[in-house]
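>>> just coords:
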């Protein structure tokens with residue numbers, strides 16, 4: 001029998017808790033923990049209200065804890081399966097063609113940042129202050145997203161970039177960590193940090209030709225793909241993190257950045 005209020009409350013609780021902690025909620029229900037004990041164990045900012053509403057819905061609709069736990073586990077399993085479904089869509093900057101609808105880079109970039117709840121990793125060759133990007137990154141910082149951006153440096157570009165350091169485009173974003181490629185000195189001038197990507201929570205990957213600049217996002221003709229689910233976003237994030245661990249990527253500023 002459908003119980004809309006309970007189902008809606010369960011969906012909201014799982015969204016607030018995340019999939020792993022939702023399994024903890026199911027375990028507490030199976031073990032017969034009281035409402036107060038459940039709220040104490042799962043009480044973190046942004047979570048308590050959703051879990052309390054879930055408990056209220058259980059009580060008002062007379063749903064036994066074991067049945068509620070089974071529902072939560074089933075819902076988590078469905079969410080995990082949906083998460084693993086891979087979607088690949090093209091993304092473009094520049095002129096539009098009304099007969100062929102495509103996603104715009106500027107819009108998709110902001111959506112990827114807005115989707116991040118825990119981790120956001122990005123790489124770019126060039127970067128310039130871009131209000132929509134800065135605003136999205138600042139809002140991500142406000143909700144606790146750990147953001148890391150790998151940039152090229154003027155020295156590393158060997159004269160092919162001019163003006164201010166690309167890293168300066170991100171100095172106003174609180175908590176954002178900047179990284180550079182720690183090349184062997186013999187490779188300076190012969191190699192570039194030319195990757196352009198953003199990956200949110202190891203689940204959504206935007207990969208393409210566009211730098212993190214307004215020109216690339218809006219005016220140039222740039223092409224890319226948006227990958228949701230599957231292995232590619234996870235492997236991309238893992239590769240970046242491993243390069244950080246091994247010292248291939250180092251925090252900015254570095255000796256290279258200093259010239």
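Cool, the structure landed. None of these values were measured; they are calculated from a predicted model. Numbering: from 1, shown residues only.

>>> show the average pLDDT along stretch 242-249.
Stretch 242-249 comes out with an average pLDDT of 95.

>>> can you name the residues that contact residue 105?
91, 92, 93, 208, 210, 216, 217, 218, 222, 224 (C-beta atoms under 8 Å, 6 or more residues apart in numbering). All C-beta spots, glycine's among them, are computed from the backbone N, C-alpha and C.

>>> among these, which lie within strands?
Applying DSSP state E to the contacts of residue 105, the entries found in strands are 91, 92, 93, 208, 222, 224.

>>> what's the burial count for residue 182?
Residues lying near residue 182 (other C-beta atoms under 10 Å) number 17.

>>> wouldn't it be in contact with residue 250 here?
Yes. With contact defined as C-beta atoms under 8 Å, residue 182 and residue 250 form a contacting pair (4.4 Å).

>>> find the nearest non-adjacent residue to residue 35, please.
Taking C-beta to C-beta, 6 or more residues apart in numbering as the measure, residue 35 lies nearest to residue 55, with 4.6 Å between them; neighbours along the chain are not counted.

>>> do the same with residue 52
Closest to residue 52 by C-beta to C-beta, 6+ apart is residue 39, at 6.2 Å.

>>> now the helix or strand encompassing the one you found: average pLDDT?
Following DSSP states H and E, one finds residue 39 within helix 35-42. With pLDDT averaged residue by residue, helix 35-42 scores 89.

>>> how about stretch 134-144?
The pLDDT scores in stretch 134-144 average 94.

>>> buried residues in that stretch?
Residues of stretch 134-144 classed as buried by neighbour count (16 or more other C-beta atoms under 10 Å): 134, 136, 137, 138, 140, 141.

>>> in helices only, show me the residues you listed.
The helices in this structure, assigned by DSSP state H, contain 134, 136, 137, 138, 140, 141 from those.

>>> which residues does residue 206 contact?
Shown here is residue 206, whose contacts under the criterion C-beta under 8 Å, 6+ apart are 91, 108, 109, 112, 197, 198, 199, 224, 225, 226, 227.

>>> ok, the fifth one - how many residues close by?
Other residues within reach of residue 197 by the criterion other C-beta under 10 Å amount to 21.

>>> ok, residue 181 - how many residues close by?
21.

>>> and what of residue 148?
Each residue near residue 148 was counted by other C-beta under 10 Å, and the total is 19.

>>> contacts only, for it.
Under the criterion of C-beta under 8 Å, 6+ apart, the contact partners of residue 148 comprise 120, 121, 122, 176, 177, 178, 179, 240, 244.

>>> drop anything exposed from the contacts of residue 206.
Of the members of the contacts of residue 206, the ones counted as buried by neighbours, 16+ other C-beta under 10 Å, are 91, 108, 109, 112, 197, 198, 199, 224, 226, 227.

>>> just give the closest residue to the first one, not the sequence neighbours.
In other words, residue 91. Counting by C-beta to C-beta, 6+ apart, the nearest residue to residue 91 once its immediate chain neighbours are dropped is residue 224, at 4.4 Å.

>>> what residues are bridge-paired with the one you found?
Residues found in beta-bridge contact with residue 224 (criterion: DSSP bridges) are residue 91, residue 208.

>>> my guess is it contacts residue 94. True?
No. Distance between residue 224 and residue 94: 11.9 Å, which falls outside the contact criterion (C-beta under 8 Å).

>>> wait, a helix at residue 206?
No. Counting by DSSP: H, G, I helix; E, B strand; the rest coil, one finds residue 206 to be strand, located in no helix.
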